[in-house]
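[1] Build me a model from this:
(chains A, B and C)
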Amino acid sequence: MDVKKDFIPEFEAEAYKDDMGKTSFIVTSIDVVANWGRSNSLWPLSFGTSCCAIELMSTVSAKYDWSRFGFEVMRASPRQCDLIIVAGTITHKMAPVLKRLYDQMPEPRYVIAMGACAVSGGPFYYNSYAVVRGVDNVIPVDVYIPGCPPRPEALIHGMLTLQEKIRKSKAYVIEKPKKKEKQ
Amino acid sequence: MTKKELKQYLEVTYPNLEVKETFNFPLLLVNKEDVIPVLKQLKDAPETRFNFLFCETAVDQNPNLEMIYHLSSTYYHHDLEVKVILEERENPIIDSVYSLWEAADLYEDEIYDMFGIRFKGHPNLRRIMLTDEWNGFPLRKDYQDDKIISL
Amino acid sequence: MENQPIPSPTELRTEEFVVNIGPQHPATHGVLRIEATLDGETVKNILPHLGYIHRGIEKMTESMLFKQSIYLTSRMDYLSAHINNHACSLAVENALGIEVPARAKVIRIIMDELQRLTSHELWWGSCAMDIGAVTPFFLGFRDRERILEIFEANTGNRLTMNYITPGGIMRDVLPTFVTDVKELLKKIKGYRHEYDQLITGNFIFQHRTQGVGYLSKEQAISLACSGPVARASGVSCDVRKHYPYDGYEKLDFQEVIDYGCDNWARYVVRMEEMKQSIHIIEQLLDNFPTGDYRTKIKGVIKLPLGEYYQRVETARGELGVYIVADGSNKPYRMKFRTPSFSNLGAVKPTTVGLKIADLMANMSTIDLVVPDIDR
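    Residues are numbered from 1 along each chain as shown, chains lettered A, B, ... in the order given. The predicted structure is shown next:
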């Protein structure tokens, strides 16, 4: 029986190569603890532009409470939070403001695009001259939540998806010491 | 006054101006130079007392631009529509009614932003809805924009 | 160095400086940028900058059918979504000369008044939060959620309903609608005393709002303010009384007018309006008509040539829909006269000369919704 040894699935594996593979096994258990801590205490930034902001406020309030998942504190300043929930339409005049807020956030930072307008322009995709068609033209997005407006349960599902994504990622990376160049 | 009585009053008071009617209101057509005197008289006259300017807008009827004022009175609760036809398209200028009603401040900023009509006597005319570097006036019918995706 | 005299505070050189109360701020009003010129803590001048949520709705309506424009009107002032749809539908129906059946009219008014209640509940919660109290935010939303359950069961959505369309309403209500609403009103009336104990009778709240933010009657008329802002300054401008539509002329309710002209008067007017809304709904639930919920209307609507204007009373003031029709199936121009756009002019005269904390109190009682300003 011949075992086909050269069966390689056709995708570019180079995208997944990294030269830190030899040392990162040391930090796997610290990774798990760090990711658990990060995902259970995300602090969102209060950034709501239009109708989806009202569903965001409903999620904050007592019926669909989001503080049971750890998102209790909603800060007003971007320097103190690590999650920005873009709820509402982004226009050409507002896009530089959003980019500046994203740049001010310290890493690790995550972005959720909430609502049809933030995902792709929504009901304003056709025939409008002033709307950015999707917030991922401005900042990189982690989770997309469709709906116009999405229900509070949909927003909570999106946030739990983000928590799962964080738990599977690398928290700490050890860099190999650089070789000194012989002069 | 009802719509009919108001129409008759206007025909008597302004014999040289055209008086028509739309579905809801009587309509008065005014020349560009007479805007401030006629509107001031409509505001101060004791039979009409139009002290509430509830809507001011513009419409682009090719080839003219039209300015439309909707007036109302808090004493008698009757309404009137006043229309001014501007012939120029390149650089239309008209007097501002800010001295009569302060509500015209924001209304006229928006009309300048969307249509390009300038107002003489306005305290601070600026583009409020769009950015300052925007080219063109969007609500005109001949506005060209490559970024609009149409069905 | 030791013998030099220390200048007294009146001789110190001070300057005015400009502070940006930027597009992203935690007061829940939306994206509005205010440039305030301050001298210490006293406000000298205010210049609002708009346009951060300008989506070009008026240009979009010129390439859409009349029925499709209803979907855009819900998103302008999303806290009075039913009432916005009502305005657009009434303009089209009056132009075509269509009569809507009685059951549809009653359901439309009940949905409008319930929507007004939800808007005022959210206003109450965020007004108290801007002034400093956090508990009323949760109480306001708790009562709002009860009303939204009824909306979701009957219309399908909680915020942007698109239920009131030209010809009547989209679909019939559930068979348990009348009993559900009666139970809901009983609960809301039962919680009324909590509002009074927490905020209305609160010493700190009263001292922060009484005598602050004065807007005289002549200035309110000159700025074309409408809704509770104008009614708190003594102007009688309720559209439901002066230009009634869809059956309001047969109902018994009062127009709430106060002559205080300050923040406290605007607060009291809105609390009283909530009571009047409950009274209107109770009158309608007693004689609930049966019959059709929709008249037959053509698939493609074409308005005859001319200009049409329709005004309704939203939770914030007078909304006007102005349609210029040229005989085709799309409008030539559609203009929305929104209440928040004119009420924005009231921020400057009420705040100049006061402290910056009073700017927040004024803006919360004037109750702006920013997508309504920018459209």
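
[2] Alongside chain C, which residues does chain B contribute?
    B:22-25, B:51-55, B:57, B:59-60, B:70, B:74, B:77, B:81, B:101-103, B:105-106, B:114, B:128-131, B:138-139, B:150-151 (C-beta under 8 Å from any C-beta of the partner chain). From N, CA and C alone the C-beta is placed, and that goes for glycine too.

[3] Mark which of those residues are buried, thanks.
    B:23-25, B:51-55, B:57, B:59-60, B:70, B:74, B:81, B:101-103, B:105-106, B:114, B:128-130, B:138-139 (16 or more other C-beta atoms under 10 Å in any protein chain shown).

[4] filter those residues by proximity to chain A?
    B:Leu130, B:Pro138.

[5] And what about residue 99, helix, strand or coil?
    This is for chain A. With DSSP: H, G, I helix; E, B strand; the rest coil as the basis, A:Lys99 sits in helix.

[6] Likewise for the one 4 residues further on?
    When the structure is reduced to helix, strand and coil (three-state DSSP), A:Asp103 reads as helix.

[7] With chain C as the reference, measure out to it.
    Noted for A:Asp103: a distance of 13 Å to chain C, by C-beta to the nearest C-beta, to the nearest Å.

[8] In chain A, what residue comes closest to chain C?
    At 3.6 Å from chain C, A:Ser61 is the closest residue in chain A, using C-beta to the nearest C-beta.

[9] That residue contacts C:Phe137, correct?
    Yes. Using C-beta atoms under 8 Å, A:Ser61 is in contact with C:Phe137, at 6.8 Å.

[10] Pick out whichever of these two has more residues nearby.
    Counting neighbours by other C-beta atoms under 10 Å in any protein chain shown for A:Ser61 and for C:Phe137 shows that C:Phe137 has the greater number, 22 against 19.

[11] So is the helix or strand encompassing A:Gln163 next to chain C?
    Using DSSP states H and E, A:Gln163 sits within helix A:152-167. No. Using C-beta under 8 Å from any C-beta, helix A:152-167 never reaches chain C; the gap is at least 8.9 Å.

[12] Near chain C, which residues of chain A? Just list them.
    A:46-51, A:53-55, A:57-58, A:61-63, A:76, A:88-89, A:91, A:93-94, A:97, A:101, A:123-124, A:126-131, A:148-149, A:151.

[13] In helices, which of the buried ones among the residues of chain B next to chain C fall?
    In helices, defined here by DSSP state H, the members of these are B:Asp105, B:Leu106, B:Met114.

[14] residues in contact with the first one?
    Read it as B:Asp105. B:Tyr98, B:His122, B:Pro123, B:Asn124, C:Gly345 (C-beta atoms under 8 Å, 6 or more residues apart in numbering or on different chains).

[15] 6 Å instead, please
    B:Tyr98 (C-beta atoms under 6 Å, 6 or more residues apart in numbering or on different chains).

[16] what does the last one give?
    When contacts are counted by C-beta under 6 Å, 6+ apart, B:Met114 is found next to B:Pro138, B:Leu139.

[17] change it to 7 Å
    B:Phe137, B:Pro138, B:Leu139 (C-beta atoms under 7 Å, 6 or more residues apart in numbering or on different chains).

[18] The second one too?
    For B:Leu106, the set of contacting residues under the criterion of C-beta under 7 Å, 6+ apart consists of C:Phe341, C:Leu344, C:Gly345.

[19] Buried subset of these as a ChimeraX selection?
    Here is the ChimeraX selection string for the buried members of the contacts of B:Leu106, based on 16+ other C-beta under 10 Å:
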select /C:341,344,345
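
[20] would you list every one of the helices in chain A?
    A:28-39, A:52-60, A:95-104, A:116-120, A:152-167.

[21] can you put those in TSV and add mean pLDDT, mean neighbour count and distance to A:Pro140?
    Output for the helices of chain A, formatted as TSV (pLDDT from 0 to 100; neighbours: other C-beta atoms under 10 Å in any protein chain shown; distance: least, C-beta to C-beta, whole Å):
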stretch	mean pLDDT	mean neighbour count	distance to A:Pro140
helix A:28-39	83	14	18
helix A:52-60	89	23	20
helix A:95-104	91	15	9
helix A:116-120	91	23	13
helix A:152-167	90	17	13
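
[22] wait, which of the ones you listed is closest to chain B?
    helix A:95-104 (9.5 Å).

[23] is any part of that closest one close to chain B?
    No. On the criterion C-beta under 7 Å from any C-beta of the partner chain, helix A:95-104 is out of touch with chain B, staying 9.5 Å away.

[24] now the biggest helix by length in chain C against helix A:52-60, angle please.
    If each helix of chain C is counted by residues according to DSSP H, the longest one is helix C:102-131. For helix C:102-131 against helix A:52-60, the angle by axes from the mean of the first three to the mean of the last three C-alpha atoms, to 10 degrees is 70 degrees.

[25] Average pLDDT for helix C:102-131, rounded please.
    Helix C:102-131 carries an average pLDDT of 91.

[26] what comes up buried for that helix?
    In helix C:102-131, counting by 16+ other C-beta under 10 Å, buried: C:103-131.

[27] Excluding sequence neighbours, find me the nearest residue to C:Pro136.
    In space, not counting the residues next to it along the chain, C:Pro136 is nearest to C:Ala128; the distance is 3.8 Å by C-beta to C-beta, 6 or more residues apart in numbering or on different chains.

[28] Could you do B:His77 as well?
    C:His242 (5.1 Å).

[29] Relative to B:Ser72, how far out is that neighbour?
    For C:His242, the distance to B:Ser72 equals 9 Å [C-beta to C-beta, to the nearest Å].

[30] More neighbours: which of the two?
    A count of neighbours by other C-beta under 10 Å puts B:Ser72 above the other of C:His242 and B:Ser72, at 22 against 15.

[31] for the nearest residue to that one once chain neighbours are set aside, what are its contacts?
    Distances taken as C-beta to C-beta, 6+ apart put B:Phe52 closest to B:Ser72, at 4.4 Å, once the chain neighbours are dropped. Contact partners of B:Phe52, counting by C-beta under 7 Å, 6+ apart, are B:Leu71, B:Ser72, B:Ser73, B:Thr74, C:Ile221, C:Ala224.

[32] how near is whichever residue of chain B sits closest to chain C to chain A?
    With C-beta to the nearest C-beta as the measure, B:Ala103 is the residue of chain B nearest to chain C, at 3.6 Å. Distance of B:Ala103 to chain A, given as C-beta to the nearest C-beta: 24 Å.

[33] got it, and C:Gln254?
    30 Å.

[34] ditto for B:Ala45
    Counting by C-beta to the nearest C-beta, the gap from B:Ala45 to chain A is 42 Å.

[35] Can you tell me the number of residues neighbouring the closest residue to that residue other than its chain neighbours?
    What sits nearest to B:Ala45 in space, not counting adjacent residues and going by C-beta to C-beta, 6+ apart, is B:Thr13, at 8.0 Å. Other residues near B:Thr13 come to 16 when the count uses other C-beta under 10 Å.

[36] now B:His122
    Neighbours of B:His122 (other C-beta under 10 Å): 18.

[37] Tell me if I'm right that C:Met76 and C:Pro371 touch.
    Yes. Between C:Met76 and C:Pro371 there is a contact under C-beta atoms under 7 Å: 5.9 Å.
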